[in-house]
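Novice: below is the sequence, then the predicted model.
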Amino acid sequence: MQRPIKTGTVPPGGVWRYKDDETGEVITHPYLDQVKMRAHKHRITNVLPIGTNWEEQLEDNICRNTSTATCVDIETGVRRALALGKRFSTAMLNWARSGFKLVDDETLAARRIACEGDETHERCSAWQSTTRGFGFGRCGKCGCVGSLKTALATEKCPLGRWPL
């Protein structure tokens, strides 16, 4: 499976493209969030199932159907769960060994801006906005919930985007 990167930008060619495998309906829009929303609405309107890993399937579909999009392979299923579990366990062990040290408020804010972006900083291309994870997004590279990892003094950005 694949997922698009640079999700906050219009892909070369001008539109993201989704093609429903069951109905053949094609949905295009310059903004990825709009394609996702419209694809979800299409499935609901046509009483089509939306599984627990539908978002991953949706992003894979968009990568397959948007030939100009830059996409990356993602871990799925049990492999992904094991990899995320291992990374989480390692992070918690390192944090405990540090005496449960947290970063100061200034560092925390800088880290979150590096991931999520704001009006003056571009969002990280690996960042995935989501309603899961307590309303915070998650990193598409390491899989962390941004609200947790950014606060731990022992953690680093796998893409090197956090200030030191």
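Specialist: In hand now; what should we look at?
Novice: enumerate every residue touching the residue sitting nearest the centre point of the chain.
Specialist: Centroid-nearest residue in the chain: Gln128, 2.3 Å away (criterion: Cα atoms, centre = their mean). Gln128 is in contact with 3, 7, 137-140, counting by Cβ atoms under 8 Å, 6 or more residues apart in numbering. For every residue, glycine as well, the C-beta is placed using N, CA and C.
Novice: try 6 Å this time
Specialist: 137-138, 140 (Cβ atoms under 6 Å, 6 or more residues apart in numbering).
Novice: same check, this time on Val35
Specialist: By Cβ under 6 Å, 6+ apart, the neighbours of Val35 are 16, 18, 27, 29.
Novice: distance check, it against Asn53.
Specialist: 18 Å (Cβ to Cβ, to the nearest Å).
Novice: next, format the contacts of Val35 as TSV and append distance to Leu58.
Specialist: Listed next are the contacts of Val35 as TSV, based on distance: Cβ to Cβ, whole Å:
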residue	distance to Leu58
Trp16	11
Tyr18	7
Ile27	10
His29	13
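Novice: ok, and the most crowded of those?
Specialist: Within the contacts of Val35, neighbour counts (other Cβ atoms under 10 Å) peak at Trp16, which reaches 26 neighbours.
Novice: narrow the contacts of Gln128 to those in strands?
Specialist: Those of these mapping onto strands are Arg138, per DSSP state E.
Novice: Thr52: how many residues sit nearby?
Specialist: Thr52 has 6 neighbours, counted by other Cβ under 10 Å.
Novice: next structured bit after the lengthiest helix in the chain?
Specialist: Ranked by number of residues, the top helix in the chain under DSSP state H is helix 77-97. Once the chain leaves helix 77-97, the next helix or strand it forms, by DSSP states H and E, is helix 105-116.
Novice: would you mark the buried spots in that next one?
Specialist: For helix 105-116, a neighbour-count test (16 or more other Cβ atoms under 10 Å) marks 107-108, 111-116 as buried.
Novice: follow-up on the earlier one: restricting to C-alpha, output the longest helix of the chain in CSV.
Specialist: C-alpha atoms of helix 77-97 as CSV (Å, rounded to 0.1, in the frame of the first residue of the first chain):
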residue,chain,number,x,y,z
GLY,A,77,-1.8,-4.8,9.0
VAL,A,78,0.1,-6.9,11.5
ARG,A,79,3.5,-5.7,10.3
ARG,A,80,2.5,-2.1,10.9
ALA,A,81,1.0,-2.9,14.4
LEU,A,82,4.2,-4.7,15.4
ALA,A,83,6.5,-1.9,14.1
LEU,A,84,4.4,0.8,15.9
GLY,A,85,4.4,-1.3,19.1
LYS,A,86,8.1,-1.7,19.0
ARG,A,87,8.8,2.0,18.4
PHE,A,88,6.3,2.9,21.2
SER,A,89,7.9,0.5,23.6
THR,A,90,11.4,1.8,22.9
ALA,A,91,10.3,5.4,23.3
MET,A,92,8.6,4.7,26.6
LEU,A,93,11.6,2.8,27.9
ASN,A,94,14.0,5.6,26.9
TRP,A,95,11.7,8.2,28.5
ALA,A,96,11.5,6.2,31.7
ARG,A,97,15.3,5.9,31.8
